[in-house]
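*Asks:* everything below, folded, please.
(one chain, ligands or ions: 1)
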Amino acid sequence: MAFARLRSGEVAPGQGAARLAEMLRAARDAVVFTGAGISTESGIPDFRSPGGIWTQMAPIDFRDFVSSLEMRKEAWRRRFAMEETFAVARANAGHEAIAALAARGIVSQVITQNIDNLHQLSGVPADRVIELHGNTRYARCLDCGSRAELAPIRRHFEAEGEPPDCAACGGLLKTATISFGQAMPEAEMERAERAARGCDLFLVLGSSLVVYPAAGFPLLAKRGGAKLAIVNREATDQDGIADLVVHDEIGPVLSKAVGLMGSDI
Ligand SMILES: [Zn+2]
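*Replies:* Predicted coordinates:
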């Protein structure tokens, strides 16, 4: 029987959880970075993957959202069509393992590309979640920044055929996500970079690390002397510089690792 040659950092199938547990045990300040792969295990589709929604339907650019009522209506139609998926999605074993590590003080920050609020729902304190692409479970006014809930926006939209304006200032309401063509949020980017630089273990879960800024964080962490661990079903662009690479489902690997760490940490 031939054995597949493993690249540096890559472990044999079944060995990932034990190695990850060792690395987590040794860590004083672990930072987690999550991408779509952790949320697909909760039934949320990966919008950017081949066959994903955005390969079938062009995403609405931020400039078009701001300049066109028709585009805003289309954006809200799409968002409400997704509500059944988002409303029933629950945090999975991967989210819960991260929340357990945060509760034990091992994981200090969770940087996420996901917009689904599942880290907060799993029990990670909101001030420890850094949302690079925002959050789709509520809306914000583009002018004054006021938060608005989706249910009343939907009721207005379905009754009037168009979304309401901000109750506070009359500005445009948009889901609190970062759209294509919209600038990355500065405060979140700074916090994420500081977390990556300052940690001693950077754990990537479910991101292919292809696009920036995601691709830059593991490099920042490595440059700061941190170990890098990656759990992703497929190979990622940063596997070559990782200290541990596990090509597997996140939930089972991470919950097994936390189980192996025991309760005496
Ligand atoms: Zn406003």
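*Asks:* so what's the residue count around the residue lying closest to Arg197 once chain neighbours are set aside?
*Replies:* The shortest distance from Arg197 to any residue other than its chain neighbours is 4.5 Å, reached at Gly224 (CB to CB, 6 or more residues apart in numbering). The C-beta positions use only the backbone N, C-alpha and C, and glycine is treated the same way. Residue crowding around Gly224 was assessed by other CB atoms under 10 Å; the count is 13.
*Asks:* how about the longest strand along the chain and the ion, touching?
*Replies:* Using DSSP state E to assign secondary structure, the strand with the most residues in the chain is strand 134-141. Yes: in this structure, strand 134-141 sits against the ion according to CB under 5 Å from the ion; the contacting residues are Cys141.
*Asks:* sheet-wise, list the partners of that strand with their directions.
*Replies:* Listed by DSSP bridges, the sheet partners of strand 134-141 and their directions read strand 147-148 (antiparallel), strand 173-177 (antiparallel).
*Asks:* tell me how far it is from the chain's mean position?
*Replies:* On the basis of CA atoms, centre = their mean, to the nearest Å, strand 134-141 sits 15 Å off its chain's mean C-alpha point.
*Asks:* ok, now stretch 161-170?
*Replies:* 29 Å.
*Asks:* same question for stretch 137-153.
*Replies:* For stretch 137-153, the distance from its own C-alpha centre to the chain's C-alpha centre is 21 Å (CA atoms, centre = their mean).
*Asks:* rounded mean pLDDT for it, please.
*Replies:* Averaged over stretch 137-153, pLDDT sits at 97.
*Asks:* residues touching that stretch, excluding its own?
*Replies:* Stretch 137-153 has contacts (CB atoms under 8 Å, 6 or more residues apart in numbering) with 66, 76, 79, 83, 86, 115-117, 163-164, 166-176.
*Asks:* just the buried subset of the residues you listed, please.
*Replies:* Applying a neighbour-count criterion of 16 or more other CB atoms under 10 Å, the buried members of the contacts of stretch 137-153 are 76, 79, 86, 115-117, 163-164, 166, 171-176.
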